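Novice: Structure for the following, please:
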Amino acid sequence: MSHWKKFLVGKWNWMRPVKSIVFIYVVLMLIAVSCSNRFIHQPPAAGYTKELDGISLIKMPNGENIAVSYLPARKGMPTLLWSHGNAEDIGYLRQRHESFHAEGYGILAYDYPGYGISEGSPSEQGCYDAAMTAWEHLTKTLKVAPEHVLIYGQSVGSGASVWLATKVETQGLILVSPFVSAFRAVTKYPLFPGDKFKNLSRMDNVAEPLLVIHGSNDRVISQWHGKKIHDAHAGPKTWHSIEGAGHNDLYIVAEQEIIKAIADFRKECITLKAAHQRNPASPPGKPGA
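Specialist: Next up, the predicted model:
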């Protein structure tokens, strides 16, 4: 019996647990790196067809088409460039977009590659390319001035939104239930290489005023993510906690509260812009002297 035990278990030494830990880490790292797109992106069955009012297909630089939905703003109101969360598309969000549109906001929402009727497969770079394509469609084709655009990103959409905010100048950046990075939404600590959507490390390059909205009971992306992003932003910023809300019921719990928070934030952005016009030496997005 002892002979079989030695054959199956091996001889004990203090390096065995170390080797086991290293082996487990390597296996998990390989899974994280090779399968991350499947874990991060979970597109549902398309919630609309191209016949839905306001839907257009626009071409990305790689030749693939992505779907966009456009509702024009009331005069004097900004347009939200909307990057949605996971397991949803612009069809599923139509009622929510119409709620904002009823308040006067314009909406330019788009689907990432592989979501809705957008072509291609989901990936980090695909989300960035789609965000920039949507931005150029909004500002160049639809002629909406950049200073009248609020970038809006929710959950995984925070990744594309933060990235876009480092590339263009807008009225402001709104992040709803954001994460500091994709991997850390699961591990909390930076354990593996190849992390994606590194929002936290990009905040130094975001000049726009920032609004972060996060549910206090979020069990998918804990509220500390949003707080950490808020604290890392050096410019004007607002933190808004939705008490009692989780990750997927945020608008069910507090739709009007969120709409009001965004309306208040918009007024702050207008005030900051006016202060900058009075004192051009102050960088855009920073309080005037």
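
Novice: Could you use CA atoms for every contact and neighbour count after this?
Specialist: Will do.

Novice: Not counting sequence-adjacent ones, nearest residue to Asn205?
Specialist: Thr166 (5.5 Å; C-alpha to C-alpha, 6 or more residues apart in numbering).

Novice: Verify the contact between that neighbour and Ser201 for me.
Specialist: No - using C-alpha atoms under 8 Å, Thr166 is not in contact with Ser201; the gap is 11.2 Å.

Novice: what bits of the stretch 101-250 of the chain have low per-residue confidence?
Specialist: Along the stretch 101-250 of the chain, segments meeting pLDDT under 70 span 189-193.

Novice: where does Tyr70 fall, helix, sheet strand or coil?
Specialist: strand (DSSP: H, G, I helix; E, B strand; the rest coil).

Novice: Which neighbouring residues are in contact with it, exactly?
Specialist: By C-alpha atoms under 8 Å, 6 or more residues apart in numbering, the contact set of Tyr70 is Gly54, Ile55, Gly106, Ile107, Leu108, Ala109.

Novice: Among those, which one lies nearest to Asn248?
Specialist: Lowest distance from Asn248 to the contacts of Tyr70 (C-alpha to C-alpha) belongs to Ala109, with 18.8 Å.

Novice: That closest one falls within a strand, correct?
Specialist: Yes - looking at Ala109 with three-state DSSP, it is inside a strand.

Novice: And the pLDDT at the nearest residue to it once chain neighbours are set aside?
Specialist: Taking C-alpha to C-alpha, 6+ apart, and ignoring the residues beside it in sequence, Ala109 has Trp82 as its nearest neighbour in space, at 4.6 Å. What the model reports for Trp82 is a pLDDT of 98.

Novice: Settle this for me: Trp82 is touching Tyr152, isn't it.
Specialist: Yes - checked against C-alpha under 8 Å, the pair Trp82 and Tyr152 is within contact range at 4.9 Å.

Novice: quick revisit: which two of the contacts of Tyr70 have the greatest separation?
Specialist: Greatest spacing in those, by C-alpha to C-alpha: Ile55 and Gly106 (14.2 Å).

Novice: And the most centrally placed residue in the chain, how far from Asp89?
Specialist: Nearest to the geometric centre of the chain sits Ser158, at 1.3 Å (C-alpha atoms, centre = their mean). Ser158 sits 15 Å away from Asp89, going by C-alpha to C-alpha, to the nearest Å.

Novice: shared neighbours, Trp82 and Tyr152?
Specialist: Between them, Trp82 and Tyr152 share no contacting residue under C-alpha under 8 Å, 6+ apart.

Novice: any idea where the strands of the stretch 1-150 of the chain begin and end?
Specialist: In the stretch 1-150 of the chain, the segments counted as strands under DSSP state E, counting those that start in this stretch are 55-59, 65-71, 79-83, 106-110, 149-154.

Novice: Output those in TSV; the columns should cover distance to Asp231.
Specialist: What follows is these, written out as TSV (distance: least, C-alpha to C-alpha, whole Å):
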stretch	distance to Asp231
strand 55-59	36
strand 65-71	32
strand 79-83	22
strand 106-110	28
strand 149-154	18
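
Novice: of the ones you listed, which approaches Val212 most closely?
Specialist: Proximity to Val212 (C-alpha to C-alpha) singles out strand 149-154 among these, at 9.9 Å.
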